[in-house]
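Chemist: Could you work out the structure for the sequence below:
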Amino acid sequence: MQTKMRAGLVLAVMALIVLALGLTLALPLTVDVIGNLDWGPVVGGYLATILMASAYAAIGLYVSSRTDNQIVAFILGVVACFTLFIIGEQLVLITVPLVRTGIIAAGLLVAVFIWNEFFLAFNLTGNEAATLPVYMARFREQQGMFVAQLSAASTVVILPAVIFGWISQKSLVKGLTAGGVKG
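Modeler: Numbers count the residues shown, from 1 in each chain. Below is the predicted model:
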C-alpha cells in the first residue's frame, strides 16, 4: 500500500511538471511560425528541465518522507536543492578556492566568540539548557566560590577552543595575513 501511494505521489508530481512545461509550448510554436526554429535545442531544453525538476521533486519527496513537520521538510528541501544548484556555478568554483583561508579564519574567530558567549546565554537559557560558561557561573554559592571545581570546569570549557585553534593555526595565520599583504 505504501509503495503504491509513493508511486502515485511521484507520478502526480511528474504530471504536474509536464503540464506546467506543456503550457509553455506556445512560445516555441509561435517562434517557429514566425521564423525557422531549430527544434533540437528546444527539445533538449525541455527534456533537461523535466529531468532537473524531477530530481528536485525527488529530493523534496525524500526530505518530506524523513520528517513529520512540513516546515522543516520545506526548509531542508530548499537547502538541499540550492546546495546542489550552487555547487556547479562558476562563481563558486572560482572564488571559493581563492577565499578559503579567509573563510577558515573568520569561521574560527566566530566559533571562539560563540563558544565564549555568556551574556545572551545567561539571560535566554534556563537551568536545564545552559551553555558551559553559564554552567560555570553557577559554581558561586553563599559560602563563596568553589575554586577547585571552577578551575576544572574552566579547563574543560576552554579546551575545545584551544584544540580547534591549534589545529587550524596554519589556515588562521594565512587568512589573517592574506588581507594585509598587497600584491
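
Chemist: for the closest residue to residue 58 other than its chain neighbours, what are its contacts?
Modeler: Of all residues not flanking residue 58 in the chain, residue 10 sits nearest, at 7.5 Å (CB to CB, 6 or more residues apart in numbering). Every C-beta, even on glycine, is put in place using the N, C-alpha and C of the backbone. Neighbouring residues of residue 10 by CB atoms under 8 Å, 6 or more residues apart in numbering: 57, 58, 61.

Chemist: Walk me through the domains of the protein.
Modeler: 2-88, 99-178 (automatic domain parsing).

Chemist: rank the ones you listed by pLDDT, which is bottom?
Modeler: In terms of mean pLDDT, the lowest-scoring of the domains of the chain is domain 99-178 (a mean of 73).

Chemist: Pull the distance from the lengthiest helix in the chain to the chain's centre.
Modeler: Identified as the longest helix of the chain according to DSSP state H is helix 39-66. From the chain centre to the centre of helix 39-66 is a distance of 21 Å (CA atoms, centre = their mean, to the nearest Å).

Chemist: what comes up buried for it?
Modeler: 42, 46, 53, 56, 57, 59, 60, 61, 63, 64 (16 or more other CB atoms under 10 Å).

Chemist: and of those, the nearest to residue 88?
Modeler: Using CB to CB, residue 56 comes nearest to residue 88 of those, at 13.9 Å.

Chemist: Tell me how far the spatially closest residue to that closest one that is not a sequence neighbour lies from residue 149.
Modeler: Nearest residue to residue 56, sequence neighbours excluded (CB to CB, 6+ apart): residue 81, at 4.9 Å. Going from residue 81 to residue 149 by CB to CB, to the nearest Å gives 49 Å.

Chemist: Among the two, which residue is more densely surrounded?
Modeler: residue 81 (17 against 11; other CB atoms under 10 Å).

Chemist: Mind giving me the packing neighbours of the stretch of helix or strand that one belongs to?
Modeler: Using DSSP states H and E, residue 81 sits within helix 70-87. Packed against helix 70-87 by the contact rule (3 or more CB pairs under 8 Å, 6 or more residues apart in numbering; DSSP states H and E) you find helix 39-66.

Chemist: what phi and what psi does the backbone show at residue 35?
Modeler: phi -140, psi -170 (degrees, to the nearest 10).

Chemist: what's the answer for residue 25, then?
Modeler: phi -70, psi -20.
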